[in-house]
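*Asks:* Could you look at this predicted model? Sequence included:
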Amino acid sequence: MRLTEKGQVTIPVTVREELGLQPGDEVDFVVENGEARIVRAASSGQRGHRIVARLRGRGDVPMSTEEIMALTRGD
């Protein structure tokens with residue numbers, strides 16, 4: 001990896017997948033003994049809200065909520 005002039009690096013896909021990182025997630029750098037580690041930032045409880053906001057309005061099932069609930073209940 002190469003550090004850009006702005007101090008940025010790209011986190012490889014394999015690392016993002018291993019850590020479960022998604023666009024918009026926050027990370028921290030922990031520096032100890034001259035080495036840096038990237039870790040998931042302490043949860044602020046906002047990740048779930050971001051996921052729901054990203055998915056809102058994307059459904060393509062032409063069923064009403066009542067019809068869907070009837071299917072889940074086995075009515």
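*Replies:* Here it is on my side, so go on.
*Asks:* And the helices in the protein?
*Replies:* 13-19, 47-55, 65-73 (DSSP state H).
*Asks:* Which neighbouring elements make contact with the first one?
*Replies:* Contacts defined by 3 or more Cβ pairs under 8 Å, 6 or more residues apart in numbering; DSSP states H and E place helix 13-19 against strand 35-40. Every residue, glycine included, has its C-beta placed from N, CA and C.
*Asks:* now the strand it packs on, how far from the centre of its chain.
*Replies:* 17 Å (Cα atoms, centre = their mean, to the nearest Å).
*Asks:* Run through who's touching that strand.
*Replies:* 11, 15, 19-21, 25-31 (Cβ atoms under 8 Å, 6 or more residues apart in numbering).
*Asks:* Just the CA atoms from that strand would do, formatted as CSV, please.
*Replies:* What follows is strand 35-40, C-alpha atoms only, in CSV (Å, rounded to 0.1, in the frame of the first residue of the first chain):
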residue,chain,number,x,y,z
GLU,A,35,3.3,0.4,15.3
ALA,A,36,-0.2,1.3,14.2
ARG,A,37,-3.3,-1.0,14.1
ILE,A,38,-6.6,-0.2,12.5
VAL,A,39,-9.6,-1.2,14.6
ARG,A,40,-13.3,-0.7,14.3
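*Asks:* Report the buried residues of it.
*Replies:* Going by neighbour count (16 or more other Cβ atoms under 10 Å), nothing in strand 35-40 comes out as buried.
*Asks:* what angle sits between it and helix 47-55?
*Replies:* When axes from the mean of the first three to the mean of the last three Cα atoms, to 10 degrees is applied, the directions of strand 35-40 and helix 47-55 differ by 60 degrees.
*Asks:* ok, strand 35-40: who's next to it in the sheet?
*Replies:* Neighbouring strands of strand 35-40 in its sheet, by DSSP bridges, are strand 27-32 (antiparallel).
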